[in-house]
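Novice: Just a sequence and a predicted model for now, questions to come.
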Amino acid sequence: MRALHIASDTTVTEIDLPGPSAHSAIRDHIGTAGAVGQGLYHRRALLHLHGDGHRSGLTQNITTWALASAWRGITLYPIHGPAVVTGRAQDGEAATLDDDLAQHAHAVAQTVRETLGEWRTRPPASNEAALNELLAYTARDVAPQRVRGLAHVGEKKTEQPVSSCSRHTGAGVIPAR
């Protein structure tokens with residue numbers, strides 16, 4: 001079963017989970033012998049999270065947090081430790097992850113890496129500004145890919161294709177590097 005492992009360092013790795021023992025394999029990929037939390041942030045996906053990541057002192061997983069927040073459309077609580085993303089079957093069990101949702105995870109991870117890199121030279125004004133900036137970028141990464149009109153202050157409205165590799169700021173579009 002196709003799934004993704006999202007590490008706290010923003011790395012996203014494709015993994016193949018064995019159908020009958022998927023839960024055991026997920027636990028191994030997350031690195032716990034204890035509880036694995038399961039979050040429903042998108043109707044067709046499940047996020048499997050370390051059940052005790054924060055208390056265990058695991059690093060915050062900004063990529064998983066940004067993906068889950070973008071899918072839900074709200075700022076969520078911090079997520080700590082590695083995560084596994086699977087698809088979600090009709091019965092609510094783990095299933096093979098669809099291509100478009102895997103694309104979301106890869107695009108969000110790339111956006112998080114680029115944004116964190118930019119913040120080294122241009123730190124955000126506040127934590128709230130940082131959250132808002134990152135969530136605006138990642139919301140575009142998970143939006144349906146279609147042509148949208150983008151109007152900027154002082155500019156004539158033009159039709160531009162939306163790409164998961166470009167991010168919108170108040171002043172224009174910053175192309176990904």
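Specialist: Cool, got the structure.
Novice: ranges for the helices of this structure?
Specialist: Ranges of helices in the chain, per DSSP state H, are 22-30, 62-72, 99-121, 127-142.
Novice: With mean neighbour count added, can I get those in CSV?
Specialist: C-beta coordinates here come from the backbone N, C-alpha and C atoms, glycine included. Converted to CSV, these look like this (neighbours: other CB atoms under 10 Å):
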stretch, mean neighbour count
helix 22-30, 18
helix 62-72, 25
helix 99-121, 17
helix 127-142, 18
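Novice: Just put these in a markdown table and tack on mean pLDDT and distance to residue 83.
Specialist: Formatted as a markdown table, the helices of the chain follow (pLDDT from 0 to 100; distance: least, CB to CB, whole Å):
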| stretch | mean pLDDT | distance to residue 83 |
| --- | --- | --- |
| helix 22-30 | 92 | 7 |
| helix 62-72 | 96 | 4 |
| helix 99-121 | 96 | 10 |
| helix 127-142 | 94 | 15 |
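Novice: quick one: which of those helices is nearest residue 52?
Specialist: With CB to CB, the closest approach to residue 52 among those belongs to helix 22-30: 10.5 Å.
Novice: sorry, back to before: to residue 44, which of the helices of the chain lies closest?
Specialist: helix 99-121 (6.3 Å).
Novice: From the contact counts, what lies against that closest one?
Specialist: Packing contacts for helix 99-121, counted by 3 or more CB pairs under 8 Å, 6 or more residues apart in numbering; DSSP states H and E, involve strand 2-6, strand 12-16, helix 62-72, strand 83-88, helix 127-142, strand 166-169.
Novice: Leaving out sequence neighbours, find the closest residue to the most centrally placed residue in the chain.
Specialist: Central residue of the chain (CA atoms, centre = their mean): residue 67, 2.2 Å from the mean position. Once flanking residues are discounted, residue 67 sits nearest to residue 108: 4.6 Å by CB to CB, 6 or more residues apart in numbering.
Novice: my guess is that neighbour meets residue 63, correct?
Specialist: Yes. Shown here, residue 108 and residue 63 form a contact pair, counting by CB atoms under 8 Å, at 6.2 Å.
Novice: picking up where we left off before, TSV for the helices of the chain, including distance to residue 52?
Specialist: Formatted as TSV, the helices of the chain follow (distance: least, CB to CB, whole Å):
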stretch	distance to residue 52
helix 22-30	11
helix 62-72	16
helix 99-121	23
helix 127-142	24
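Novice: Of the ones you listed, which is nearest residue 2?
Specialist: helix 99-121 (7.4 Å).
Novice: any idea of the angle that closest one forms with strand 12-16?
Specialist: Between helix 99-121 and strand 12-16, the angle comes out at 150 degrees (axes from the mean of the first three to the mean of the last three CA atoms, to 10 degrees).
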